[in-house]
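> I'll drop the sequence and a predicted model, then ask my questions.
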Amino acid sequence: MTKGNNKNLEELKKEIVLERLRQAPLNIKVSFGNLDGNFLNRDELIGEVKKDTEIGKKIVEIQIEYLRSFKKGLLMGE
Amino acid sequence: MACVLFSRPEHDGTLAYLYYYSKELVKLSTDLGHKTINKEKEDANKKTITSIIKQHKPNLIMLNGHGAPHQVCGHKNETIISSEENPEILANSVTYSLSCSSAVILGPEVVKNGTGSFIGYKFDFALGKDPNSEAVPAKDKIAKFFLEPSNLLFSSLLEGKTVNNSIIKAKKMMRDNIWFLSTTDKFPEASHYAPFLFGNYSGLVALGNQSAVITNS
């Protein structure tokens, strides 16, 4: 895979995650890797992803792995 | 009698949830007859915790706190154990680090030269919160899906199960909770929390001795 294709794939993953986060209610609250211990709401989660922060990159990673888990059947049939 | 040490800071919103949920583990440890040393809030500091570990050599340790690949912290985010400074003091204990990503670098350093085990997370530990709970953990219908598997893991260790057995039980509950959050129509926001719990599920690992148990010393 070329460097350009990799970049496109990463952008696509980010867009998928942003679209999923946009579907969430505004007031969801998640604490995820922030040292101040504050909970982030939907728009703050979206902001982290848009800005490609370390937290944002991790959000993309776990959201994509979560979607892949269905393909792998990791969560089904338990 | 096994010796069990708890480090339970409470200085921010996330840690207040870990503090609340681990209260029942302190009680269980006491009820089971273990020598239970509970250091909470400002007592969850480096000087106190490391001196207890060196003096009492606990069989089982729970470290709540913020973390990073190379460290786990206590009150006001003071580093308690780091891979550069003092990983060896945990080498012969079973340690559960309920913190972000400390299983990446610190965990392998801890188990390198000992007979113990280090249980922790390779990714950031995520915690979902019910926005209608008014930050009262007891009322929170979301946080329990994240923290009950963690409590199951530690209570299993307290009851003398092996590290491997305890991890299997906790992961099973996590999968059940992820599936429930992904599919329930009882509350509309549930499915949006599931990927974050999946991150905890896939990041939870036990390093070192998988057969370790709390032994009577």
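Received, thanks.

> B:Phe180 - how many residues pack around it?
14 (other C-beta atoms under 10 Å in any protein chain shown). All C-beta spots, glycine's among them, are computed from the backbone N, C-alpha and C.

> do the same with B:Ile89
20.

> Which residue, other than its chain neighbours, is closest to the residue in chain A that chain B sits nearest to?
For chain A, the residue closest to chain B is A:Gly37, as judged by C-beta to the nearest C-beta, at 2.8 Å. Distances taken as C-beta to C-beta, 6 or more residues apart in numbering or on different chains place B:Asp12 nearest to A:Gly37, at 2.8 Å, with adjacent residues excluded.

> Next up, the contacts around the one you found.
Taking C-beta atoms under 8 Å, 6 or more residues apart in numbering or on different chains as the criterion, B:Asp12 is in contact with A:36-38.

> residue ranges with poor pLDDT in chain A?
A:1-4, A:74-78 (pLDDT under 70).

> near chain A, which residues of chain B show up?
B:11-15, B:66, B:77, B:100-101, B:123-124, B:126-131, B:142, B:172, B:175-176, B:178-179, B:182, B:188-189, B:192-196, B:198-199, B:202 (C-beta under 8 Å from any C-beta of the partner chain).

> Which ones among the residues you listed lie within helices?
Among the residues of chain B next to chain A, the members falling in helices (DSSP state H) are B:13-15, B:172, B:175-176, B:178-179, B:182, B:192-196, B:198-199, B:202.

> Filter these down to just the buried residues.
Buried by 16 or more other C-beta atoms under 10 Å in any protein chain shown: B:13-15, B:175, B:178, B:182, B:192-196, B:198-199, B:202, out of those.

> can you list the contacts of B:Asp12 in a markdown table and add neighbour count?
Formatted as a markdown table, these follow (neighbours: other C-beta atoms under 10 Å in any protein chain shown):
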| residue | neighbour count |
| --- | --- |
| A:Asp36 | 10 |
| A:Gly37 | 19 |
| A:Asn38 | 13 |
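
> Distance-wise, check whatever residue is furthest in space from the centre of chain B relative to A:Gly47.
The centre of chain B is farthest from one residue, B:Asp185, which by C-alpha atoms, centre = their mean lies 30.0 Å away. Distance, B:Asp185 to A:Gly47, using C-beta to C-beta, to the nearest Å: 29 Å.

> Can you tell me the closest non-neighbouring residue to the residue positioned nearest the centre of chain A?
Note on chain A: the residue nearest the mean C-alpha position is A:Val60, at 2.9 Å, using C-alpha atoms, centre = their mean. With C-beta to C-beta, 6+ apart as the criterion, A:Val60 has its nearest non-adjacent residue at 4.8 Å, and that residue is A:Val17.

> relative to helix B:190-203, how tilted is the helix or strand the one you found falls within?
Here A:Val17 sits within helix A:3-22, counting by DSSP states H and E. Helix A:3-22 runs at 130 degrees relative to helix B:190-203, counting by axes from the mean of the first three to the mean of the last three C-alpha atoms, to 10 degrees.

> surely B:Asn45 meets B:Thr79?
No: the pair B:Asn45 / B:Thr79 is not scored as a contact, 10.3 Å apart, by C-beta atoms under 8 Å.

> and the end-to-end length of stretch A:20-36?
End-to-end distance for stretch A:20-36, by C-alpha to C-alpha, to the nearest Å: 26 Å.

> So what touches it?
With C-beta under 8 Å, 6+ apart, stretch A:20-36 has contacts from A:37-43, A:45-46, A:49, A:54-55, A:58-59, A:63, B:12-14, B:66, B:77, B:100-101, B:124, B:126-131, B:142, B:188-189, B:192-193, B:196, B:199.

> among those residues, which ones are buried?
A:37, A:39-42, A:45-46, A:49, A:55, A:58-59, A:63, B:12-14, B:66, B:77, B:100-101, B:124, B:126-131, B:142, B:189, B:192-193, B:196, B:199.

> Tell me where chain A has helices.
Going by DSSP H, chain A shows helices at A:3-22, A:42-50, A:54-72.

> wait, I meant chain B
Counting by DSSP H, the helices of chain B are B:13-31, B:46-56, B:106-111, B:143-158, B:163-183, B:190-203.

> Could you export the ones you listed as CSV, including mean pLDDT?
Listed next are those as CSV, based on pLDDT from 0 to 100:
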stretch, mean pLDDT
helix B:13-31, 97
helix B:46-56, 98
helix B:106-111, 97
helix B:143-158, 98
helix B:163-183, 96
helix B:190-203, 96
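
> Which of those helices sits closest to B:Ile37?
Of all the helices of chain B, helix B:46-56 sits nearest to B:Ile37, with 5.9 Å by C-beta to C-beta.
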